[in-house]
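S.K.: One predicted model, sequence on top.
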Amino acid sequence: QQQVKQSPQSLIVQKGGISIINCAYENTAFDYFPWYQQFPGKGPALLIAIRPDVSEKKEGRFTISFNKSAKQFSLHIMDSQPGDSATYFCAAVSGGYNKLIFGAGTRLAVHP
Amino acid sequence: EAGVVQSPRYKIIEKKQPVAFWCNPISGHNTLYWYLQNLGQGPELLIRYENEEAVDDSQLPKDRFSAERLKGVDSTLKIQPAELGDSAVYLCASSLGGGTQETQYFGPGTRLLVL
């Protein structure tokens, strides 16, 4: 049973464009939603995270939008750069334990 | 500051053979995690340690997988015997504590291929 559904599976964006990755969840016990970035041959690294009492969080070119009623959240990458080419994972954490439930990932390719 | 260290980085074994992975977490991090990442998928938690104690091993296939974290620092994950379906990347992560919003720092992983 996939607790966090992520789409699209892959994404191609031109340099300077906006990359948008979407995630949805069912478990209302989730109370923290991080995004991880993974380059080939490396482990995932925390990119940005949001709590459900906040509707938007921005860090540089990266923004998380959160819709609690719809149980959906998304990552927007503004002015996408070739160096952003990586796999992005949304995740959710259940309250009480720091147990990350990952989505299946989105492979992003930013073309020059 | 050194990150999470894992070894070996790659391992190729025949099925039914044993294999072990080693992880050295970030200094001072009390919580250690082992994840399994299949190709094209997100990591899945296998086991979580708070110091020496395994506090969540519900996803660890205990018939063939075992783990230990002696002295609450380094950890080893073992598979015996390995099966073809065990081919994957095994990731180790650590965090300062076990709280919900504690950042987990991942190592580069060990890529296992079972032939």
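M.R.: Right, received. Where do you want to start?
S.K.: List the contacts of stretch A:18-33.
M.R.: With contact meaning Cβ atoms under 8 Å, 6 or more residues apart in numbering or on different chains, stretch A:18-33 is reached by A:3-8, A:11, A:13, A:49-52, A:64, A:66, A:70-80, A:84, A:88, A:90-95, A:101, A:103, A:106, A:108, A:110, B:100-101. No exception for glycine: its C-beta is placed from N, CA and C like everyone else's.
S.K.: Go through the residues you listed and flag which are in strands.
M.R.: Among the contacts of stretch A:18-33, the ones falling in strands (DSSP state E) are A:4-7, A:11, A:13, A:49-50, A:64, A:66, A:72-77, A:88, A:90-94, A:101, A:106, A:108, A:110.
S.K.: Generate a PyMOL selection restricted to the buried entries among the residues you listed.
M.R.: Buried subset of the ones in strands among the contacts of stretch A:18-33, written as a PyMOL selection, criterion 16 or more other Cβ atoms under 10 Å in any protein chain shown:
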select buried, chain A and resi 4+6+7+11+13+49+50+64+66+73+74+75+76+77+88+90+91+92+93+94+101+106+108+110
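S.K.: and chain B, which of the ones in strands among the contacts of stretch A:18-33 contact it?
M.R.: Contacts with chain B within the ones in strands among the contacts of stretch A:18-33, as defined by Cβ under 8 Å from any Cβ of the partner chain: A:V4, A:Q6, A:A49, A:A91, A:V93, A:S94.
S.K.: Lowest-confidence entry in the residues you listed?
M.R.: Ranked by pLDDT, these bottom out at A:S94 (80).
S.K.: Now do the contacts for that residue.
M.R.: A:S94 sits next to A:N27, A:A29, A:F30, A:D31, A:I101, B:T100 when contact means Cβ under 8 Å, 6+ apart.
S.K.: same question, A:K99
M.R.: For A:K99, the contacting residues are A:V93, B:L45, B:R48, B:D56, by Cβ under 8 Å, 6+ apart.
S.K.: What about B:P108, how many residues nearby?
M.R.: A total of 18 residues lie near B:P108 under the criterion other Cβ atoms under 10 Å in any protein chain shown.
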